[in-house]
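Novice: With the sequence up front, the predicted model follows.
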Amino acid sequence: MVLPPEVTAGNLAGVNSRRSWIIFSVGVFAYLVAITQRSSLGVASVDASERFSSTASALSTLGVMQLAVYALLQVPVGVLIDRLGPRALVLGGLAFMAAGQAVVAVAPSLSLAVVGRILVGAGDAAVFTSVLRLNNTWFTGSRVPQLNQWLGNLGQLGQVVSAIPFAAVLHTAGWAPAFLSAAALAVLAIVLGIPVLSNGAGVSPGAQGAATLSEAIAQLEASFKRAGTRLGFWAHFVTQSSGVVFALFWGYPFMVFGLGMEPAFASGMLTLMVGTGLVIGPILGLLTVRHPMRRSNLVLGIVALMAVAWILVLAWPAPVPAPLVVVLVITLGIGGPASQIGFDFARTFNPRRRLGSANGIVNVGGFTASFVIMFLIGLVLDAFSGGAGEASYTLDAFRVAMLVQFPIIGFGVVMLVRERNRTRRLLAEEQGIQVGPLWVALSRAWGRRRRGGASSGQA
């Protein structure tokens, strides 16, 4: 799609500067900490089942409520970013997460632990889109989509923190020390963020918040009306959800109880997801810069790849070979950085002053799909096990439960194509840009290449 006019770095003091990179680094650390808090429950799901003696559907409320709160707060957080600036939202979000993890650490019952995870979800909701806004304030040009990919991918190292050091503390020192150490990590991010993070007033247009709350709400409405923003919502919906559900809650039990893999292997697979994102993310960032008209094709191709991997794993006769599980995990790892394309749609179809609202709308997509899928998987597993707990889950039960992803993500694909068609019509009407089918573009490119080759041969 077409990028809006960018302000050059030359007339903006501080943009693309050394200070910009320091702010980016602290922002990445804040997001890494947020991912650590978010994904800590996935590693502790087996321990949580034993600690609270809960069924799958009851236990899944820990993750479902966290994600539901995250999704519900995205739009209000977007408005607040445009109103107050991202710095306050990052620091406030970290404080909420620290408090939430402390509550989970001492919770004697599932209901109180749910309250703690709600606080974690509320804090988590504020961090990512705020750091995205900082990137768009302190950097310009083609750096922005690539840095947003690096933000998303480096932040996913928080899953490694959960899978290795957090899990080690959990299994040696116990539940309370593990979650208190996670809370302490959020406090450390606050200490680093207070002197470094800046809204960038005077650095670039739109760096300051909206003048009034009514103006911020008007910006939200304007963002939602843009077909490109809604396209970003559905791109995020279809690419992120399957991997989030796998990494955050059900992937570990699926591998250990359903597939019969060793816990160490399951933890390694969660780490492999992160490594995949680190490798693939920069490539996707480069592709979105070079081929902005084909970002939706990239999204649809990745979703198809994930669907094929799931079908192979779920249809394979037991025992499912480990290499096939590795293939599944790698494809899910690609889905994470692919979801960043949704934010690139928001960036290119909205002015900077309302990017908080636009990014908030996009971010609702993947997490709405995630908490719906997560909860439905728990219901299906309970139906098969009679509420007997995780140890009673069979591969057949997981096969049926994991299938709930297909109709939900399939609906998202239909809506994605619908919004893409609207966006392309608007491009043709407003800017005279015609975006033809992918096969036509590939055919023309192939024809040009053959003609070029023939000319070279004649020469």
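Specialist: Sure thing, it's come through. Residues are numbered from 1 along each chain as shown.

Novice: Whatever helix or strand Ala397 lives in: which residues count as buried?
Specialist: Here Ala397, judged by DSSP states H and E, is contained in helix 395-402. Neighbour-count burial for helix 395-402 flags Leu395, Ala397, Phe398, Arg399, Ala401, Met402 (criterion: 16 or more other Cβ atoms under 10 Å). Placement of C-beta: from N, CA and C, glycine included.

Novice: max-length helix in the protein?
Specialist: If you go by DSSP state H, the chain has its longest helix at helix 355-385.

Novice: and it, how far from the chain's centre?
Specialist: How far helix 355-385 lies from its chain's middle: 11 Å, per Cα atoms, centre = their mean, to the nearest Å.

Novice: Quick one: mean pLDDT for that helix?
Specialist: Across helix 355-385, pLDDT averages out at 85.

Novice: Counting neighbours, which bits of it end up buried?
Specialist: For helix 355-385, by 16+ other Cβ under 10 Å, it's 355-378, 380-382, 384-385.

Novice: I'd like the buried residues of helix 395-402 laid out as CSV, including pLDDT and distance to Phe166.
Specialist: CSV is the format used below for the buried residues of helix 395-402 (pLDDT from 0 to 100; distance: Cβ to Cβ, whole Å):
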residue, pLDDT, distance to Phe166
Leu395, 87, 28
Ala397, 90, 28
Phe398, 92, 25
Arg399, 92, 30
Ala401, 93, 26
Met402, 94, 25
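
Novice: List just the nearest of those residues to Gly285.
Specialist: Proximity of the buried residues of helix 395-402 to Gly285 (Cβ to Cβ) peaks at Met402, which lies at 29.7 Å.

Novice: So the nearest residue to that closest one once chain neighbours are set aside, which state does it fall into?
Specialist: Excluding the flanking residues, the one nearest Met402 by Cβ to Cβ, 6 or more residues apart in numbering is Leu314, at 5.9 Å. Following DSSP: H, G, I helix; E, B strand; the rest coil, we place Leu314 in the helix state.

Novice: who touches Leu314 in this structure?
Specialist: Arg399, Met402, Leu403 (Cβ atoms under 8 Å, 6 or more residues apart in numbering).

Novice: Pipe the residues you listed into TSV and attach distance to Trp175 per row.
Specialist: Formatted as TSV, those follow (distance: Cβ to Cβ, whole Å):
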residue	distance to Trp175
Arg399	31
Met402	28
Leu403	33
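
Novice: which one of these sits closest to Leu84?
Specialist: Nearest to Leu84 among the contacts of Leu314 is Met402, at 40.7 Å by Cβ to Cβ.

Novice: Distance check, the closest one against Ser40.
Specialist: Using Cβ to Cβ, to the nearest Å, Met402 is found at 23 Å from Ser40.

Novice: before we move on, what about Ala264?
Specialist: Per Cβ to Cβ, Ala264 is found 18 Å from Ser40.

Novice: Neighbour count for these two, which is higher?
Specialist: Each of Ala264 and Ser40 has its neighbours counted (other Cβ atoms under 10 Å); Ser40 has more, 28 against 8.

Novice: Surely the more buried one touches Gln101?
Specialist: Yes: judged on Cβ atoms under 8 Å, Ser40 makes contact with Gln101 at a distance of 7.4 Å.

Novice: who touches both of the two?
Specialist: Residues touching both Ser40 and Gln101 (Cβ under 8 Å, 6+ apart) are Phe179, Ala182.

Novice: thinking again about what came up before, what's the first helix or strand after the helix holding Ala397?
Specialist: helix 405-431.

Novice: same for that next one, what does it pack against?
Specialist: Counting contacts by 3 or more Cβ pairs under 8 Å, 6 or more residues apart in numbering; DSSP states H and E, helix 405-431 is packed against helix 227-245, helix 295-315, helix 355-385.

Novice: could you check the angle helix 405-431 makes with the longest one?
Specialist: What that stands for is helix 355-385. Per axes from the mean of the first three to the mean of the last three Cα atoms, to 10 degrees, the angle that helix 355-385 makes with helix 405-431 is 160 degrees.

Novice: could you say what helices and strands helix 355-385 packs with?
Specialist: In terms of contacts (3+ Cβ pairs under 8 Å, 6+ apart), helix 355-385 is packed against helix 56-84, helix 110-138, helix 213-225, helix 227-245, helix 340-349, helix 395-402, helix 405-431.

Novice: So what angle separates the directions of the fourth one and helix 56-84?
Specialist: For the pair helix 227-245 and helix 56-84, the angle between their directions (the same axes, to 10 degrees) equals 140 degrees.

Novice: what's the angle from helix 227-245 to helix 395-402?
Specialist: Counting by the same axes, to 10 degrees, helix 227-245 lies at 170 degrees to helix 395-402.

Novice: Can I get helix 227-245 in PDB, CA atoms only?
Specialist: C-alpha atoms of helix 227-245 as PDB (Å, rounded to 0.1, in the frame of the first residue of the first chain):
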ATOM      1  CA  ALA A 227     -10.300   0.300   5.800                       C
ATOM      2  CA  GLY A 228      -6.500   0.000   6.100                       C
ATOM      3  CA  THR A 229      -6.800   0.000   9.900                       C
ATOM      4  CA  ARG A 230      -9.400  -2.800   9.800                       C
ATOM      5  CA  LEU A 231      -7.200  -4.700   7.400                       C
ATOM      6  CA  GLY A 232      -4.500  -4.500  10.000                       C
ATOM      7  CA  PHE A 233      -6.900  -5.800  12.600                       C
ATOM      8  CA  TRP A 234      -7.700  -8.900  10.600                       C
ATOM      9  CA  ALA A 235      -4.100  -9.500   9.600                       C
ATOM     10  CA  HIS A 236      -3.200  -9.500  13.300                       C
ATOM     11  CA  PHE A 237      -6.200 -11.700  14.100                       C
ATOM     12  CA  VAL A 238      -5.200 -14.500  11.700                       C
ATOM     13  CA  THR A 239      -1.400 -14.500  12.200                       C
ATOM     14  CA  GLN A 240      -0.900 -14.200  15.900                       C
ATOM     15  CA  SER A 241      -3.600 -16.200  17.700                       C
ATOM     16  CA  SER A 242      -2.500 -19.800  17.100                       C
ATOM     17  CA  GLY A 243       1.100 -19.100  18.300                       C
ATOM     18  CA  VAL A 244      -0.100 -17.100  21.300                       C
ATOM     19  CA  VAL A 245      -2.400 -19.900  22.400                       C
END
